[in-house]
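Colleague: Mind looking at a prediction? Sequence and model below.
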Amino acid sequence: MQTAFIKTPLGTAKIVGDENGIAGISILEEGAVSKEIPVALVETVTQLQDYFNGKRNEFNIKINPSGTEFQRKVWNELLNISFGKTMSYLDLSKKLGDVKAIRAVASANGKNPLWIVIPCHRVIGSDGSLTGYAGGLWRKKWLLEHENPTNQLSLF
């Protein structure tokens, strides 16, 4: 596995992967950035930078997250939440076919190893609250606002 560190508006992103795909993207409070990006990670770095620069609203990189069958099922469903949209944990549980699995779904969501690419930040509470986010609620809020900015109307 190869690793790269890049600066983002939310901290330093750590990207781990190889020719089989990206296995992990996580956020650190701070850290040194990579002077050289391994070839296997260049496209992911480019797409993440495009995302933060407002030039990308979906990712098309090869991913290879490690998790249980249930976790991978949840993560695959997260990939269906469109850019700029949100879904509640309850609705996600319903889509997966078991409304009673809401806690397990929330747990799998929290163990998502591919920050932003698998958009776990798009899952919110049934009441619209920004519940639970491994990277901190302020980052979740930032990401949701980045994906769905409110346009300020001009009075003049």
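Modeller: Perfect, I can see it now.
Colleague: how about the strands in the chain?
Modeller: 2-8, 11-18, 21-28, 87-88, 123-124 (DSSP state E).
Colleague: burial count for Gly125?
Modeller: Neighbour count for Gly125, taken as other CB atoms under 10 Å: 14. Using the backbone N, CA and C atoms, a C-beta is placed for each residue, glycine as well.
Colleague: Phi first, then psi, for the most centrally placed residue in the chain.
Modeller: Centroid-nearest residue in the chain, with CA atoms, centre = their mean: Ile116, separated by 2.0 Å. When read as degrees, to the nearest 10, the backbone of Ile116 gives phi 70, psi -50.
Colleague: so which of the strands of the chain comes closest to Ile61?
Modeller: Comparing the strands of the chain against Ile61 with CB to CB, the closest turns out to be strand 21-28 (5.9 Å).
Colleague: Now do that closest one: which elements does it pack against?
Modeller: strand 11-18, helix 42-52 (3 or more CB pairs under 8 Å, 6 or more residues apart in numbering; DSSP states H and E).
Colleague: Can you mark which positions in it are buried?
Modeller: Of all the residues in strand 21-28, those buried under the rule 16 or more other CB atoms under 10 Å are Ile22, Ala23, Gly24, Ile25, Ser26, Ile27.
Colleague: can you pull out the helices in this protein?
Modeller: 42-52, 69-78, 89-95, 102-110, 137-147 (DSSP state H).
Colleague: who wins for proximity to Leu130 among the ones you listed?
Modeller: helix 137-147 (5.2 Å).
Colleague: Report all helices and strands that the closest one contacts.
Modeller: Counting by 3+ CB pairs under 8 Å, 6+ apart, helix 137-147 packs on no helix or strand.
Colleague: for that helix, the distance to its chain's centre please.
Modeller: 11 Å (CA atoms, centre = their mean, to the nearest Å).
Colleague: so what pLDDT did Phe156 get?
Modeller: The per-residue pLDDT reported for Phe156 equals 52.
Colleague: how about the helices and strands packed on strand 21-28, which one is nearest Trp138?
Modeller: The nearest among the helices and strands packed on strand 21-28, by CB to CB, is strand 11-18 at 10.7 Å.
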